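Chemist: Provide a 3D model corresponding to the input given below.
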Amino acid sequence: MILAAGFGTRLGALSEQRPKPMLPICGTPLVRWSARWLAHHGVQDVTVNLHHLGEQIEAELGDGSEIGTRVHYSHEEGMILGTGGGLRNARALIDGGDGEPIVVVNGKIMVDFDLRALVAKHRESGAEATMVLRADPDATKWGSLQLDDDGRVVRLLQGVPDANPTAEPTSEPLMFTGIHVFEPRFLDRIPPSGEQCVVRTAYRQLFHEGRGLHGVISEHYWWEHSTPERYLQGVANVLDGKAHLPHAEHPLRGVSETAAIDPSAEITDPVWIGPDVTVGAGARIGPHVQLGRGVTVEPGAVVERAIAWEGARLSGVVRDTVIPSP
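Modeler: Reported below is the predicted structural model:
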């Protein structure tokens, strides 16, 4: 399942035009990146929950045939349900009744680690749920989980008493990446109604039982795109080749064959310049620039570390910003 129902409030005005999972990274929206990552690892059925501007996501993914997987949709009407309520609402779509574990990924992130290895580790441990964790200097801000030598979660959230006070954490403080795999019975732990956070409900209950909750530490690429600044950095990361993305559907750097670049324009790598872009005389583009389909860069414009969505028109100095479509 891809969680894609959030409001994207930290994106400010950008979220009025697109939901966060529709932020394009080198021509591909985040939600499509997630679906392609799942399909790349053999996932045959993907469910996406929808709320804010969800029709854009449904139009982007369709039935999943272009991606190589079957895509289903869980519509959340009225009140947004949160990470726990969203899973509960989609249970009929994600629990096939065959006992297969369920993989969940947040629709605002990009990752490059091996999902098959994660599922294998989960099965080997016998855990009810396995969270993908990562080291982060601000881990205490997000919850600060810790593991013991056997990969069991022995610290969950700030202020939450330890299930086993004698357990010794051996990992550094970690943050939850928004990626996890769990057995279908884990869904029984989600309260039957209302909005919930899955960590503060189902995971908290499992943690207090003192067993069945494991974690895997990943050092692979992971990035979330909750603010314009993080979105800009996420694009820069991909342009710099920091993410290994074999499931990409087209080149992640360069200039489209259908872009019209004036001979006097200066292009400084790394950039991603999409189809039908027009760059005028004397313009300077790059580094770390992403221009969506049909963008026009006026003569003499300077564009550095910037993102422009489809059809935008750029003039003057454009730096450290995201320009939405007109």
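Chemist: residue boundaries of the strands in the stretch 101-250 of the chain?
Modeler: 102-106, 109-111, 129-135, 146-147, 153-155, 174-182, 213-217, 222-224 (DSSP state E, counting those that start in this stretch).
Chemist: can I get those in JSON lines including distance to residue 86?
Modeler: In short, each C-beta sits where N, CA and C put it, glycine included. Formatted as JSON lines, those follow (distance: least, CB to CB, whole Å):
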{"stretch": "strand 102-106", "distance to residue 86": "9"}
{"stretch": "strand 109-111", "distance to residue 86": "16"}
{"stretch": "strand 129-135", "distance to residue 86": "16"}
{"stretch": "strand 146-147", "distance to residue 86": "26"}
{"stretch": "strand 153-155", "distance to residue 86": "22"}
{"stretch": "strand 174-182", "distance to residue 86": "12"}
{"stretch": "strand 213-217", "distance to residue 86": "20"}
{"stretch": "strand 222-224", "distance to residue 86": "17"}
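Chemist: identify whichever of these lies nearest to residue 16.
Modeler: Nearest of the strands of the stretch 101-250 of the chain to residue 16, taken as CB to CB: strand 222-224 at 20.1 Å.
Chemist: give me the residues contacting that closest one.
Modeler: Under the criterion CB atoms under 8 Å, 6 or more residues apart in numbering, residues 106, 108-111, 113, 134, 177-178, 230, 233-234, 237, 243 lie in contact with strand 222-224.
Chemist: repeat for stretch 310-324
Modeler: 13-14, 17-18, 228, 231-232, 274, 292-298, 301-309, 325-326.
Chemist: what are the buried residues along it?
Modeler: For stretch 310-324, a neighbour-count test (16 or more other CB atoms under 10 Å) marks 310, 312, 314, 318, 322-324 as buried.
Chemist: which other helices and strands contact the helix or strand residue 272 falls within?
Modeler: For residue 272, the element it lies in under DSSP states H and E is strand 271-273. Where contact means 3 or more CB pairs under 8 Å, 6 or more residues apart in numbering; DSSP states H and E, strand 271-273 is packed against helix 228-239, strand 254-255, strand 289-291.
Chemist: hey, which of these is tucked in deepest?
Modeler: Comparing the helices and strands packed on strand 271-273 by mean neighbour count (mean count of other CB atoms under 10 Å), strand 289-291 ranks first with a mean of 28.
Chemist: what helices and strands are in contact with that one?
Modeler: Judged by 3+ CB pairs under 8 Å, 6+ apart, strand 289-291 is in contact with strand 271-273, strand 302-308.
Chemist: format these as CSV; extra columns: mean pLDDT.
Modeler: Converted to CSV, the helices and strands packed on strand 289-291 look like this (pLDDT from 0 to 100):
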stretch, mean pLDDT
strand 271-273, 98
strand 302-308, 98
